[in-house]
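>>> Here you go, sequence then predicted model.
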Amino acid sequence: MRAVVMDRLGSSEVLQLSRVQRPEPGPGEVLIRVHNAGVNPADWKCRQGYLSHFITYAFPFVLGFDLAGTVEECGEGVCGFPEGTRVFAQSDVGAGKWGSYAEFVCVSQDSVVQMPDNLGFAQAAAVPTPALAAWAGLFEDGGLEKGQKVLIHGGGGAVGTFAIQLAKVAGAQVAATCGASNRNYVESLGCELSIDYRAQDILVATRQWAADGVDLVLDCVGCGSLPDSLDLLRPGGILVSILTLAEDDAGPDHVGAAQRGLRTAVTYSKMPSGTQLGRIAALLASGQVQPPRFEVLPLEHAAKAHDLLQSGNAKVKLVLQVAE
């Protein structure tokens, strides 16, 4: 099969399009013919070794956390996924197994979900990791409840796109920071207040909207890009930061927050992820949640996709076209 493989950690130059042996599904695994693979910041961080504390690499290694495709074959003990079923999933890269930058990938059945009928493969491949990160940040770690006020920092990105919509579905009131060019976009997602982080004082704008502070801040950007983050919260509120693994990201001030009666958490999408992705799939199917904006690149341009993400020059979610 065709796959983008790496034989060592390093820059995007280590990504090479090659032909490798097609995997065979083991017990509890689903072999998926990949149509599209989503590209995430975690991919280039994985390529450079930032996930070495979590992953044991065996080279050659295939990256790619997100995928959409059709069921090719099921391993022993798997049921409910007939051949040809359209599915999407988060791969088992986080467990050190080959990912989705390949024509075929084996995924634990507990992470595989049938695709909503109203989504194409490229749309579906743009969903898993950002949607699951938003879900974990809002509900599993943030404990968001109906009627609360939440500020999403980085509302124009893929995680922010899902966070705004999921919070609205949950009955929360939502504000979001973004660049000036994204204000109409985040407002179209249901955001009640958009804040241009370059031109406006985020604290002042937020306090005008929520005089006592918000119940939850979900920081989808990190790296100290949200000034006065604890001042945005009401007493007892919580600051949840998406795990960035960036070397210069110290994360939230846990000690300072505790001294002020505030809470903090660092969040990320959990494995296996099928239960949460199934709930998100239902919201996508009903039209209550929409996939993020995306651009499709051919599989052989995986290195280009990594460079765009790593440099901050990707304007929308990037998806690889795997199926020829």
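That came through fine. Numbers count the residues shown, from 1 in each chain.

>>> all contacts plus neighbour counts: C-alpha atoms, from now on.
Will do.

>>> Quick check, central residue of the chain?
residue 130 (1.8 Å; Cα atoms, centre = their mean).

>>> Distance check, residue 88 against residue 245.
25 Å (Cα to Cα, to the nearest Å).

>>> go on, residue 213?
Counting by Cα to Cα, the gap from residue 213 to residue 245 is 28 Å.

>>> Between the two, which is the more surrounded one?
residue 213 (22 against 17; other Cα atoms under 10 Å).

>>> these two touch, right, that one and residue 232?
Yes - using Cα atoms under 8 Å, residue 213 is in contact with residue 232, at 5.2 Å.

>>> mind listing what's buried in stretch 201-209?
202-203, 205-207 (16 or more other Cα atoms under 10 Å).

>>> Next: stretch 103-121.
Within stretch 103-121, the residues scored as buried using 16+ other Cα under 10 Å are 103-116, 121.

>>> next one: stretch 178-189
178, 182-183, 185-187, 189.

>>> what do you get for stretch 232-239?
232-235, 237-239.

>>> For the buried residues of stretch 178-189, work out which two are farthest apart.
Checked with Cα to Cα, those reach their widest spread between 178 and 189, with 12.9 Å between them.

>>> So what pairs up with the residue lying closest to residue 278 once chain neighbours are set aside in the strands?
Sequence neighbours aside, residue 113 is the residue nearest to residue 278 in space, at 6.0 Å (criterion: Cα to Cα, 6 or more residues apart in numbering). According to DSSP bridges, the partner residues bridging residue 113 are residue 88.

>>> I'd like the distance between the closest residue in space to residue 274 that isn't next to it in sequence and residue 92.
Leaving aside its sequence neighbours, residue 274 sits nearest to residue 111 (Cα to Cα, 6+ apart; 3.9 Å). For residue 111, the distance to residue 92 equals 8 Å [Cα to Cα].

>>> got it, and residue 108?
In terms of Cα to Cα, residue 108 sits 7 Å off from residue 92.

>>> what's the spacing between residue 10 and residue 99?
Noted for residue 10: a distance of 17 Å to residue 99, by Cα to Cα.

>>> who's more crowded, the two?
Per other Cα under 10 Å, whichever of residue 10 and residue 99 has more neighbours is residue 99, with 28 against 15.

>>> Are we agreed that the more buried one is in a helix?
No - judged by DSSP: H, G, I helix; E, B strand; the rest coil, residue 99 forms no part of a helix; its state is coil.

>>> So what pairs up with residue 102 in the strands?
residue 3.

>>> what's near enough to touch it?
Contacts of residue 102 were listed using Cα atoms under 8 Å, 6 or more residues apart in numbering, and they are 1-4, 34, 62, 322.

>>> Now do it, the pLDDT please.
Residue 102 is assigned a predicted lDDT (pLDDT) of 98.

>>> how near is it to residue 108?
16 Å.

>>> Residue 277 and residue 21, how far apart?
Taking Cα to Cα, one finds residue 277 at 29 Å from residue 21.

>>> Specify which residue of the two has the higher count of neighbours.
residue 277 (25 against 9).

>>> name the helices or strands packed onto the strand or helix carrying the more buried one?
Assigned by DSSP states H and E, residue 277 belongs to helix 274-286. Helix 274-286 sits against strand 112-114, helix 128-135, with contacts defined as 3 or more Cα pairs under 8 Å, 6 or more residues apart in numbering; DSSP states H and E.

>>> Nearest to residue 56, out of those?
helix 128-135 (20.3 Å).

>>> about what we covered before: please enumerate the shared neighbours of residue 213 and residue 232.
Common neighbours of residue 213 and residue 232, using Cα under 8 Å, 6+ apart, are 206-207.

>>> Residue 260 - how many residues pack around it?
Counted with other Cα under 10 Å, residue 260 comes out at 12.

>>> so what's it scoring on pLDDT?
We have a pLDDT of 95 for residue 260.
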